[in-house]
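Student: With the input below, show me the fold.
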Amino acid sequence: MERETLASRLGFILLSAGCAVGLGNVWRFPYITGQYGGAVFVLIYLLCLVFIGLPVMVMEFSIGRASRRNIADALKILEPKGKKWHLYGPVAIAGNYLLMMFYTVITGWLLYYFISSLTGRLEGLDASSSEVFFSSLQSNAPLQIVFMVISVAIGFLICMGGLQNGVEKASKIMMLGLLAIMLLLVLNSVLLPGAGEGLDFYLVPDAERAMEAGLSEVIFAAMSQAFFTLSIGMGGMEIFGSYIDKKQSLTGEAIRIIALDTSVALMAGLIIFPACFSFGVNPGSGPGLLFVTLPNIFSQMRGGRIWGALFFLFMAFAAMTTLIAVFENIIAYWMDTHGWTRKKASLVNMVLIMLLSVPCILGYNLFSSFAPLGDGTTILDLEDFLISSTIMPIGSLLFVLFCSHKNGWGWKNFVTEADTGEGIKFPSWLRVYVKWILPIVVIAIFIKGYFDIFSAM
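Tutor: Purely as a prediction, here's the structure:
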């Protein structure tokens, strides 16, 4: 079976960016930016993107393009004879399933809120009634299952349409639509009365606020955010590397994708902070920000029904592009490794992921007494922790070691692949940093993630 390829360079960039752009850009980034000193945090975050996120992303792309296979097979093809790097392949694929076990549920919530906003059901909600509205959704398992099933079905039906006519075309439309909607929302937010105060809080460097939180805490928060926002470590980027030609060098492409992902995160802050300060609401993080704080603000805003619907449509696009990208990774595994047709891989996995997503939903109602990571935590928190704090850092560490050490694929092979084509080359002076320092940084992020969770229990 001849391997499919992407039709265009733009398709590759938007598809990869779509995988990276998601809840992390809105769920957490604006909140920690404000908490850790505004522009001070943003500057540290951008440095972390360059020195942590960029090398790992280039490595994933290189592994994919050199092997022309999914992550489970790629390591086996590229590793020296007798080595065991390929054992991580099935773990990475399992990570994709685990991510979808809760991401599909949240995508369903976003679709529900989009429809609710469009039909006026969110109008007139204050802080407490916004919370009641969200709690009533979480307690209603059948309703959540319906919207989760719709999300999964849309994602897999798009993937079933093929790489170019389904995945690539849908990602282009959604990403361009997402960017257009965001620009409208930014314009609306910055023109609100009192928006200037929110912009100052967000964009003006506040060293005092950063020092108050502690410089080491700020740096770790920036490192973690840079690391997780790009969806690296699970082979999500590797699969798109396997679909592209060798006309462009991979470092330049990775820079463009990271710039696009960062622009979305920065614009999310330009939507949220001016609106929160304009209406005197404290911007939180996580589900509370998206499903309680912002509906409360939109209900007070002139034309809030339209602005709310646009916001949740943008968020649904952001979540759906991630869903499509991860579904494609899963489908490619079954096609490459087991010889399944695209249709069979799509239909079987569509049903499987629908079933696997049910425990996350039941964590808010039937299994609400189960608190796996301490009081107030849910099955979603456990699944997120296993992905964000375990599989992603371990996978990223493995890719770094695999590409920089001779008992893996090796530095020379990696750089040759990364630099093939026109464009920016991977800096050769980074070799010592990538080989010895970056692994220590990734291990530190991994340890800190576990420390934060278990010290809070």
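
Student: who touches the spatially closest residue to Phe29 that is not a sequence neighbour in this structure?
Tutor: With C-beta to C-beta, 6 or more residues apart in numbering as the criterion, Phe29 has its nearest non-adjacent residue at 4.4 Å, and that residue is Ala265. C-betas here are computed from N, CA, C, even on glycine. Contacts here follow C-beta atoms under 8 Å, 6 or more residues apart in numbering; on that basis Ala265 touches 24-26, 29-30, 229.

Student: Next, find the distance separating Ala265 from Leu203.
Tutor: Using C-beta to C-beta, to the nearest Å, Ala265 is found at 13 Å from Leu203.

Student: Also Gly11?
Tutor: To Leu203, Gly11 is 33 Å away according to C-beta to C-beta.

Student: With Gly18 instead?
Tutor: Relative to Leu203, Gly18 is positioned 26 Å away (C-beta to C-beta).

Student: related to what we said a few turns ago, Gly11 and Leu203: who's more crowded?
Tutor: Applying other C-beta atoms under 10 Å to Gly11 and Leu203 shows that Gly11 carries more neighbours, namely 22 against 16.

Student: quick one, phi psi at that one?
Tutor: phi -60, psi -40 (degrees, to the nearest 10).

Student: excluding its backbone neighbours, what's nearest it?
Tutor: Looking at Gly11 with C-beta to C-beta, 6+ apart, the closest residue is Glu168, at 4.1 Å.

Student: Phi first, then psi, for that neighbour.
Tutor: The phi/psi pair for Glu168 (degrees, to the nearest 10) reads phi -70, psi -50.

Student: And the contacts of Ala265, which two are furthest apart?
Tutor: Pro30 and Thr229 (12.2 Å; C-beta to C-beta).

Student: Tell me which residues of stretch 70-84 come out buried.
Tutor: The neighbour-count check on stretch 70-84 (16 or more other C-beta atoms under 10 Å) flags 70-76, 78-79 as buried.

Student: Adding distance to Phe414, secondary structure and pLDDT, write those out as JSON lines.
Tutor: Below are the buried residues of stretch 70-84 laid out as JSON lines (distance: C-beta to C-beta, whole Å; DSSP: H, G, I helix; E, B strand; the rest coil; pLDDT from 0 to 100):
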{"residue": "Asn70", "distance to Phe414": "19", "secondary structure": "coil", "pLDDT": "94"}
{"residue": "Ile71", "distance to Phe414": "15", "secondary structure": "helix", "pLDDT": "94"}
{"residue": "Ala72", "distance to Phe414": "19", "secondary structure": "helix", "pLDDT": "91"}
{"residue": "Asp73", "distance to Phe414": "18", "secondary structure": "helix", "pLDDT": "94"}
{"residue": "Ala74", "distance to Phe414": "13", "secondary structure": "helix", "pLDDT": "96"}
{"residue": "Leu75", "distance to Phe414": "13", "secondary structure": "helix", "pLDDT": "96"}
{"residue": "Lys76", "distance to Phe414": "17", "secondary structure": "helix", "pLDDT": "95"}
{"residue": "Leu78", "distance to Phe414": "9", "secondary structure": "helix", "pLDDT": "97"}
{"residue": "Glu79", "distance to Phe414": "13", "secondary structure": "coil", "pLDDT": "97"}
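
Student: now, which of these sits nearest Thr378?
Tutor: The nearest member of the buried residues of stretch 70-84 to Thr378, counting by C-beta to C-beta, is Ile71 at 28.9 Å.

Student: Could I get the average pLDDT for the longest helix seen in the chain?
Tutor: Counting residues, the longest helix found in the chain (DSSP state H) is helix 304-338. Helix 304-338 shows a mean pLDDT of 95.

Student: Buried residues, it. List them.
Tutor: Of all the residues in helix 304-338, those buried under the rule 16+ other C-beta under 10 Å are 304-305, 307-337.

Student: Toward the C-terminus from that helix, list the very next helix or strand.
Tutor: Toward the C-terminus, helix 304-338 is succeeded by helix 342-356 as the next helix or strand (DSSP states H and E).

Student: and that next one, how far out from the chain's middle?
Tutor: Counting by C-alpha atoms, centre = their mean, to the nearest Å, helix 342-356 is centred 21 Å from the centre of its parent chain.

Student: just checking, what packs against that helix?
Tutor: Other elements packing on helix 342-356 under the criterion 3 or more C-beta pairs under 8 Å, 6 or more residues apart in numbering; DSSP states H and E are helix 88-118, helix 141-160, helix 304-338.

Student: which one of these lies closest to Leu179?
Tutor: Nearest to Leu179, of all these, is helix 304-338, at 9.0 Å by C-beta to C-beta.

Student: what's the angle between the closest one and helix 342-356?
Tutor: Going by axes from the mean of the first three to the mean of the last three C-alpha atoms, to 10 degrees, helix 304-338 is angled at 120 degrees with respect to helix 342-356.

Student: Output the below-cut-off pLDDT ranges for the stretch 201-350 of the chain.
Tutor: Along the stretch 201-350 of the chain, the parts satisfying pLDDT under 70 run over 284-285.

Student: any weak-confidence spans in the stretch 1-150 of the chain?
Tutor: For the stretch 1-150 of the chain, the ranges with pLDDT under 70 are 1-2.

Student: let's go with 90 and repeat that
Tutor: 1-4, 22-39, 124-128 (pLDDT under 90).

Student: so Leu14 touches Lys172, yeah?
Tutor: Yes: the criterion here is C-beta atoms under 8 Å, and Leu14 meets it with Lys172 at 5.3 Å.

Student: Do me a favour and get the end-to-end distance for stretch 290-305?
Tutor: End-to-end span of stretch 290-305 (C-alpha to C-alpha, to the nearest Å): 15 Å.

Student: how much space between the nearest residue to Gly395 once chain neighbours are set aside and Phe133?
Tutor: In this structure, Gly395 finds its nearest non-sequential neighbour in Gly233, 3.2 Å apart by C-beta to C-beta, 6+ apart. For Gly233, the distance to Phe133 (C-beta to C-beta) stands at 35 Å.

Student: Between the two, which is the more surrounded one?
Tutor: Shown here are Gly233 and Phe133; by other C-beta under 10 Å, Gly233 has more neighbours (29 against 18).

Student: Against Ser139, how distant is the closest residue to Leu382 other than its chain neighbours?
Tutor: Closest residue to Leu382 apart from its sequence neighbours, by C-beta to C-beta, 6+ apart: Pro372 at 4.2 Å. Distance of Pro372 to Ser139, computed by C-beta to C-beta: 19 Å.

Student: out of those two, which sits in the busier spot?
Tutor: A direct count of neighbours by other C-beta under 10 Å for Pro372 and Ser139 places Pro372 higher, at 16 against 13.

Student: residue contacts, that one?
Tutor: Residues near Pro372 by C-beta under 8 Å, 6+ apart: 378-379, 381-382.

Student: what does Ser171 give?
Tutor: 11, 14-15, 18, 321, 324-325.
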